[in-house]
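> this one's sequence-less:
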């Protein structure tokens, strides 16, 4: 009963990382309300990652939804004895990295989608525009590390790269962004 | 662009991160003191990590959580669907056991099965006609077949949902 009350209190909280493990453990045990609590806690950050990665609100929503559905399907693989966040972001990074690859090619070619992306690009701030010009392979580690504060080791695990490869991608990405921003100035 | 500018600009991210050794860093800084264009690059390189951390994004749409829950609920298997096949399995097992006991036990069933298999082998070798199995054997085969199908379906459901309850 007391545990139920504690869980209810956790679910009602705004986005906050504390006690996330309790929700994750309950969700792993089949508690759908606890899972909903996790989704509400992470929705802002997951959607932001998806939005910065894809620069399209509809696609960002689709990707964010896919991240959470994959979370639900993989909850039994989460080890409750370990921190939830690194495991979750690894999963989210995996889904984000494969999202574009798994999309049907036809949807990429649709003219209205291309036009919407171009419009979004035009109204974006210089840094966001420069970020959109990076390849997926460079943009994702940048977002995970600088935007979501994920440690390099976790990004390496998530993307199946060595630590030095992640560092190299971050340096290359930042150098490209810098050049684009200086040229724009 | 001078070769030294190309070299220094290639090192800027390393300089910002403190990855350059002392000599390299000193040479880069000395060049930056004299080169306004490279200083502009250095200023961008220095501010970039913080600016990336401060990127803004729109609020997630209200439909996001509902959409996730709708999809997840569609994947959740209710207890009735999960454990319902158990009743069918028990019923089929009881019928099979009752039927076998009606044949005076497993030894008679084994003898009849061996006889059926022997007849089938003889038919396959062209030594005899295709035997007509006893109606009881067909019935038992049907019950066992149903039991296998139900059990496989049940195992598939449990494997989808089972670990969630571990």
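Good, I have the coordinates. Every value quoted in this text rests on a predicted model; they were computed, and no experiment measured them. Residues are numbered from 1 along each chain as shown, chains lettered A, B, ... in the order given.

> from residue B:65, how far out is residue A:76?
Counting by CB to CB, to the nearest Å, the gap from residue A:76 to residue B:65 is 22 Å. C-beta: built from backbone N, CA, C; applies to glycine.

> show me where chain A dips below the pLDDT cut-off.
For chain A, the stretches with pLDDT under 70 are A:1-18, A:101-124, A:185.

> how about residue 72: what's its closest non-neighbour residue?
In the absence of a named chain, chain A is used. residue B:72 (4.8 Å; CB to CB, 6 or more residues apart in numbering or on different chains).

> please identify the helix or strand for that neighbour.
Here residue B:72, judged by DSSP states H and E, is contained in helix B:63-75.

> contact partners of that helix?
Residues from elsewhere that reach helix B:63-75 (CB atoms under 8 Å, 6 or more residues apart in numbering or on different chains): A:32, A:35-36, A:39-40, A:43, A:47, A:61, A:64-65, A:68-69, A:72-73.

> looking at those, which are in helices?
Using DSSP state H, A:32, A:35-36, A:39-40, A:43, A:47, A:61, A:64-65, A:68-69, A:72-73 are the members of those that sit in helices.

> okay, the residues you listed in a markdown table with neighbour count next?
What follows is the ones in helices among the contacts of helix B:63-75, written out as a markdown table (neighbours: other CB atoms under 10 Å in any protein chain shown):
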| residue | neighbour count |
| --- | --- |
| A:32 | 14 |
| A:35 | 24 |
| A:36 | 19 |
| A:39 | 26 |
| A:40 | 19 |
| A:43 | 21 |
| A:47 | 23 |
| A:61 | 19 |
| A:64 | 31 |
| A:65 | 25 |
| A:68 | 27 |
| A:69 | 19 |
| A:72 | 21 |
| A:73 | 14 |
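
> residues in contact with residue B:122?
B:128, B:131.

> mind redoing it with 6 Å?
Listed by CB atoms under 6 Å, 6 or more residues apart in numbering or on different chains, the contact set of residue B:122 reads residue B:128.

> which stretches of chain B have low pLDDT?
B:76-78, B:102-105, B:133, B:160-166.

> ranges for the helices of it?
Using DSSP H, helices in chain B cover B:3-17, B:22-34, B:36-53, B:63-75, B:79-102, B:106-124, B:135-161.

> now those helices in CSV, with distance to residue A:168?
Below are those laid out as CSV (distance: least, CB to CB, whole Å):
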stretch, distance to residue A:168
helix B:3-17, 10
helix B:22-34, 17
helix B:36-53, 16
helix B:63-75, 34
helix B:79-102, 49
helix B:106-124, 67
helix B:135-161, 41
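
> nearest to residue A:129, of those helices?
When those are compared by CB to CB, helix B:36-53 sits nearest residue A:129, at 12.9 Å.

> what helices and strands are in contact with that closest one?
Helix B:36-53 is packed against helix A:163-184, helix B:3-17, helix B:22-34, with contacts defined by 3 or more CB pairs under 6 Å, 6 or more residues apart in numbering or on different chains; DSSP states H and E.
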